[in-house]
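In: let me see the structure of the following:
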Amino acid sequence: MHSISLLEMAEIESGLQFKMPKAFKEHYARYNGGVPESPNFDPEDDDLESLEVSEFLPLKYPTDDDRTLEKTYASLVARDVLPDDLLPFALDWGGNFFCLDRDGQVYFYTTDSWRPNLSNDENKKRSRKLICGSFSDFLAGLY
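Out: Residues are numbered from 1 along each chain as shown. Here you go, the predicted model:
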């Protein structure tokens with residue numbers, strides 16, 4: 001894992017035009033990606049099952065398979081798979097994403113359940129599920 005500075009995070013925020021919450025920056029300054037010791041999360045929505053984080057995407061410094069948070073965001077938005085108001089920061093084991101919205105809320109975003117009879121906008125709306133109100137709440141809910 002490569003550490004990342006607050007200055008580097010500010011540059012990434014500017015490039016993405018996406019403000020990262022304080023708790024997010026603190027977490028990334030300490031870990032910058034990686035596999036959580038406690039990967040499970042129970043969403044606030046009782047209709048959703050327990051979720052598991054496989055890995056947090058690093059900022060700036062790629063994983064072995066050349067992934068970063070910024071590259072993932074740019075690629076998904078360019079392919080019109082992800083709305084530009086969601087920032088993917090972690091993955092589950094099925095390739096779905098945990099994302100921040102511009103208000104700092106955390107969503108689970110599925111990419112494996114698109115329906116061909118729906119438009120991209122309809123699929124994107126169906127794919128996003130609010131799981132908690134903040135990144136701090138997300139971290140506190142991992143077990």
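In: CA only for contacts and neighbour counts going forward, please
Out: Will do.
In: got the end-to-end distance for stretch 110-128?
Out: End-to-end distance for stretch 110-128: 7 Å, by CA to CA, to the nearest Å.
In: again with stretch 120-133
Out: End-to-end span of stretch 120-133 (CA to CA): 26 Å.
In: run through the helices of the protein in chain order.
Out: For the chain, applying DSSP state H gives helices covering 6-16, 22-30, 69-78, 120-127, 135-141.
In: so what's the residue nearest to Lys19 when sequence neighbours are not counted scoring on pLDDT?
Out: Computed as CA to CA, 6 or more residues apart in numbering, the closest residue to Lys19 that is not its neighbour in sequence is Glu13, at 5.7 Å. Per-residue confidence (pLDDT) for Glu13: 96.
In: just give me the neighbour total for Glu13.
Out: With neighbours defined by other CA atoms under 10 Å, the count for Glu13 comes to 14.
In: over to Arg102?
Out: The burial metric for Arg102, expressed as a neighbour count using other CA under 10 Å, is 16.
In: coming back round to it: ok, the residue nearest to Lys19 to Glu70 distance?
Out: Summarising the geometry, the distance separating Glu13 from Glu70, computed by CA to CA, is 9 Å.
In: swap in Val35?
Out: Spatial separation of Val35 from Glu70 under the definition CA to CA is 18 Å.
In: and if you look at Lys125?
Out: Distance from Lys125 to Glu70, counting by CA to CA: 22 Å.
In: more neighbours: those two, which one.
Out: Neighbours of Lys125 and Glu70, each counted by other CA under 10 Å, are more numerous for Glu70; the result is 21 against 13.
In: the more buried one touches Phe18, doesn't it?
Out: No - contact criterion CA atoms under 8 Å: Glu70 and Phe18 do not qualify, at 10.6 Å.
In: give the residue spans of the chain that score low on pLDDT.
Out: The chain contains no residues with pLDDT under 70.
In: give the residue farthest from the middle of it.
Out: Each residue of the chain has a distance to the centre, and by CA atoms, centre = their mean the biggest one is for Asn117: 26.6 Å.
In: what about Tyr61, how many neighbours?
Out: 18.
In: check contacts around Gln105.
Out: With contact taken as CA atoms under 8 Å, 6 or more residues apart in numbering, Gln105 is in contact with Leu130, Cys132, Gly133, Ser134, Phe135.
In: appreciated, that's everything.
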